[in-house]
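Trainee: model this:
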Amino acid sequence: MKMNPLGRTGLMVSELCLGTMTYGTQTPEADAHRQIETALAAGINFIDTAEMYPVNPVAKETIGLTEEVIGNWQAANRGRRGEYILATKHTGEGMAHVRDGAPITAATIPGAVEGSLKRLKTDVIDLYQFHWPNRGSYMFRRNWGYDPSSQNREETIAHMEEALEALQRQVEKGNIRHFGLSNESAWGTTQWARIAEARGWPRVASIQNEYSLMCRMFDTDLAEVAANEDVGLLAFSPLAAGLLTGKYQGGAVPEGSRRSRTPDLGGRITERAFLAVQAYLDLAAEFGIDPVHMALAWAAGRPFMTSVIFGASTQEQLDHVLAGAGMVLPEGLAARIDALHRAHPLPY
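Mentor: Numbering: from 1, shown residues only. Below is the predicted model of the structure:
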């Protein structure tokens, strides 16, 4: 498994990261533990989770369950903690099931960190991420109408300073090692980095945003940030919530699938989306490549990519992904993919 540097932390992470957002609901605990074992055996050393998981849908009664599932595996495998980099996230403003929707503040950070440590049954979180910014985000299909003109710069900068100082205290306690962002913008990422450098506080190591053949917003300003600030991308939804597998073509809704639980796939279901998916499926077939392997290999090969986070609700899906690990796209395919992107830009 190819390894990439995690920002300036000195850590190396596998180019594929095991996502866990279905653990505890779609993926029963025993199956989740088997997945962790399989991923580690395949050379994956990076596991990503969040305090609000599982999702599809998020429910008050299941908040934190995914961390508990991982923690139970960790408790039974104490000697293996050094084999993997563990990442989790502090839920952002508006998620009513977590802290009644409170925003991320210096006051919420200690309790959130302690809660995750307890559920994960570990002494330290390697990468602690803010799930989305308090001021809002262009992610989750909000790019079509998000308006930052009402933001208060002074308040935002003050929040960043207070949050970074609180994170520094967590580093000093040994609770967390490094800091990452999620669903952030180019401006926000550079501000987090600038403040940290000026004050000697935890510097952002990575940014976890959606990225796939269907969602290439990172290709512009954020790609430049990644290149100049060493803040690489941790890509989530690299298979476009399952669309790029082809399993939803023709109106199909497989039993137990994500779409059976979230019919619009978080706003990704559009007529143009299915046209784009078919174009990518046809291209993969032309080159004799599995479309899942094509999508993941393409994402892993992007110049700003640190790790591609994939989820597998079943062992069969995990095995399918791992069968294509390390694949390099054949000559000419990347150019054809770019041509399709120009023909089908932002299809949802």
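Trainee: Point to the helix or strand of this protein where mean pLDDT is at its lowest.
Mentor: Using mean pLDDT, DSSP states H and E, helix 258-261 stands out as the lowest-scoring helix or strand of the chain, at a mean of 95.
Trainee: Need the contact partners of that helix.
Mentor: For helix 258-261, the external contacting residues (C-beta atoms under 8 Å, 6 or more residues apart in numbering) are 26, 56-57, 241-242, 248, 253-254, 265, 269, 313. Glycine gets a C-beta too; all of them are placed from N, C-alpha and C.
Trainee: For the residue of the chain most remote from its centre, give its distance to residue 23.
Mentor: What lies farthest from the middle of the chain is residue 286; by C-alpha atoms, centre = their mean that is 29.9 Å. Distance from residue 286 to residue 23, counting by C-beta to C-beta, to the nearest Å: 36 Å.
Trainee: For the residue lying closest to residue 160 once chain neighbours are set aside, which residues are in contact?
Mentor: In this structure, residue 160 finds its nearest non-sequential neighbour in residue 195, 5.4 Å apart by C-beta to C-beta, 6 or more residues apart in numbering. Residues in contact with residue 195 (C-beta under 8 Å, 6+ apart) are 157, 160-161, 164, 201.
Trainee: Tell me the one of those nearest residue 136?
Mentor: residue 160 (14.7 Å; C-beta to C-beta).
Trainee: so the closest one touches residue 190, yeah?
Mentor: No - with contact defined as C-beta atoms under 8 Å, residue 160 does not count as touching residue 190 (11.0 Å).
Trainee: okay, now residue 224: neighbour count?
Mentor: Using other C-beta atoms under 10 Å, residue 224 is surrounded by 13 other residues.
Trainee: returning to that earlier point: of the contacts of helix 258-261 - the most surrounded one?
Mentor: Of all those, the highest neighbour tally under other C-beta under 10 Å goes to residue 241, namely 27 neighbours.
Trainee: Let me see the ranges of the strands in this structure.
Mentor: With strands called from DSSP state E, the chain shows them at 3-5, 12-14, 16-19, 46-48, 85-90, 125-130, 176-182, 204-210, 232-236, 305-311.
Trainee: Could you dump those strands into CSV and include mean pLDDT, mean neighbour count and distance to residue 104?
Mentor: As requested, the strands of the chain are exported to CSV (pLDDT from 0 to 100; neighbours: other C-beta atoms under 10 Å; distance: least, C-beta to C-beta, whole Å):
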stretch, mean pLDDT, mean neighbour count, distance to residue 104
strand 3-5, 98, 14, 26
strand 12-14, 98, 22, 24
strand 16-19, 98, 26, 21
strand 46-48, 99, 27, 18
strand 85-90, 98, 26, 6
strand 125-130, 98, 24, 6
strand 176-182, 98, 24, 11
strand 204-210, 98, 27, 14
strand 232-236, 98, 25, 18
strand 305-311, 98, 26, 21
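Trainee: Dump those into a markdown table; add distance to residue 118 as well.
Mentor: Shown next, in a markdown table, are these (distance: least, C-beta to C-beta, whole Å):
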| stretch | distance to residue 118 |
| --- | --- |
| strand 3-5 | 30 |
| strand 12-14 | 24 |
| strand 16-19 | 21 |
| strand 46-48 | 17 |
| strand 85-90 | 12 |
| strand 125-130 | 11 |
| strand 176-182 | 14 |
| strand 204-210 | 23 |
| strand 232-236 | 24 |
| strand 305-311 | 24 |
